[in-house]
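J.: structure, please.
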Amino acid sequence: DVQLVESGGGSVQAGGSLRLSCQSSRYRRCMGWFRQAPGKQREGVAALHVGSGSTYYADSVKGRFTIAQDKADNTLYLQMNNLKPEDTAMYYCAASPGYCYRPFLEYDYNYWGQGTQVTVS
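T.: Numbering: from 1, shown residues only. Okay, here's the model as predicted:
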């Protein structure tokens, strides 16, 4: 099993920044960040292929969010800059045994964290 624990969420004004962290008991090949706003489906935000370091971003966050990893302590990060009210959501860290061929298909991910709330006003 893989245990994922997110942290770093909070409330921020539009234009501000937050950095989310995901402490993983161990990495799987593909690690991702998803979010779910009230009344909306969960959507993929960013993903990273651990072996190659290749990254993937949803169009809505390109240029504003950066996904990164610290292999030394199995921590996945999501740096979020220039936050907008529409970024308000519960953010989840996820792990997939796949190769990130479908980085934003949530059914490819079989381990999920408990989520951390991000609120942008």
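
J.: residue contacts, residue 56?
T.: 46, 47, 48, 100, 103, 104 (CB atoms under 8 Å, 6 or more residues apart in numbering). Glycine gets a C-beta too; all of them are placed from N, C-alpha and C.

J.: revised request: answer the last question for residue 113.
T.: Listed by CB under 8 Å, 6+ apart, the contact partners of residue 113 are 4, 5, 6, 22, 92, 93, 94.

J.: related to what we said a few turns ago, make a markdown table from the contacts of residue 56 and add secondary structure and neighbour count to it.
T.: A markdown table is the format used below for those (DSSP: H, G, I helix; E, B strand; the rest coil; neighbours: other CB atoms under 10 Å):
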| residue | secondary structure | neighbour count |
| --- | --- | --- |
| 46 | strand | 26 |
| 47 | strand | 26 |
| 48 | strand | 24 |
| 100 | coil | 22 |
| 103 | coil | 23 |
| 104 | coil | 19 |
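
J.: these: which two are farthest apart?
T.: With CB to CB as the measure, no two of the contacts of residue 56 lie farther apart than 48 and 104, at 12.2 Å.

J.: residues bridging contact with those two, i.e. touching both?
T.: 32, 56.

J.: in stretch 15-29, which residues are buried?
T.: 18, 20, 21, 22, 23, 24, 27, 28 (16 or more other CB atoms under 10 Å).

J.: now stretch 69-78
T.: Along stretch 69-78, the positions that meet the burial threshold by neighbour count (16+ other CB under 10 Å) are 69, 74, 75, 76, 77, 78.

J.: fine by me, thanks again.
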